[in-house]
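[1] Predicted structure and sequence below. I'll ask about it afterward.
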Amino acid sequence: IALAAGVDVSLVVDLMGQNSSVTIGQDGSISAFLLDLEGVSARDLATRFYNDCFRETLLNSTFAVLGSRPEHLGVGAITVEPEHFVPLQPTTTSVTSTSTA
């Protein structure tokens, strides 16, 4: 993503705001934000991301992480949405149990 956008990898953050990371959803979708993109328009990014070369790079990166080339793996829709980044906050759950003996 950073290479296609022409930015330093530290400017790619996951939904929690962790640098050099992406968020992978349960459905296999990949989400990330690009920070500090002054002088780069959404149209510029769309041109860089909506091409076969970027799709192939995503697949090759995925294959490298998985260590294999699954037969039915592909790249679906790629969406570029300009929006202000607000990191998600981690959620915690407390469970209290009581026992009587």
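    Perfect, thanks for sending it. Residues are numbered from 1 along each chain as shown.
[2] From here on, just use CA atoms for contacts and neighbour counts.
    Noted.
[3] So Gln89 belongs to a helix, correct?
    No - counting by DSSP: H, G, I helix; E, B strand; the rest coil, Gln89 is not found in a helix; it is coil.
[4] Which residue, neighbours along the chain excluded, lies closest to it?
    Spatial nearest neighbour of Gln89, excluding adjacent residues (C-alpha to C-alpha, 6 or more residues apart in numbering): Met16 at 6.6 Å.
[5] Now do that neighbour, the pLDDT please.
    At Met16, the pLDDT value in this model is 94.
[6] Spit out the contact partners of it.
    Pro87, Leu88, Gln89, Pro90 (C-alpha atoms under 8 Å, 6 or more residues apart in numbering).
[7] For Glu81, grab the count of nearby residues.
    Around Glu81 there are 10 other residues, counting by other C-alpha atoms under 10 Å.
[8] That should have said Ala2, apologies.
    Neighbour number of Ala2 under other C-alpha under 10 Å is 13.
[9] what's the closest non-adjacent residue to it?
    Here the residue nearest Ala2, using C-alpha to C-alpha, 6+ apart, is Val9, at 5.1 Å.
[10] Check Ile78 too.
    That would be Tyr50: by C-alpha to C-alpha, 6+ apart, it lies 6.7 Å from Ile78.
[11] Now do the one you found against Leu66, distance only.
    Between Tyr50 and Leu66 the computed distance is 24 Å (C-alpha to C-alpha, to the nearest Å).
[12] With neighbour numbers in mind, choose between these two.
    Using other C-alpha under 10 Å, the more surrounded residue of Tyr50 and Leu66 is Tyr50, with 14 against 10.
[13] Am I right that that one is in contact with Val75?
    No - counting by C-alpha atoms under 8 Å, Tyr50 stays clear of Val75, with 11.0 Å between them.
[14] What's the mean pLDDT across whichever helix in the chain runs longest?
    Using DSSP state H, we find that the single longest helix of the chain is helix 52-66. Per-region confidence: helix 52-66 scores 89 on mean pLDDT.
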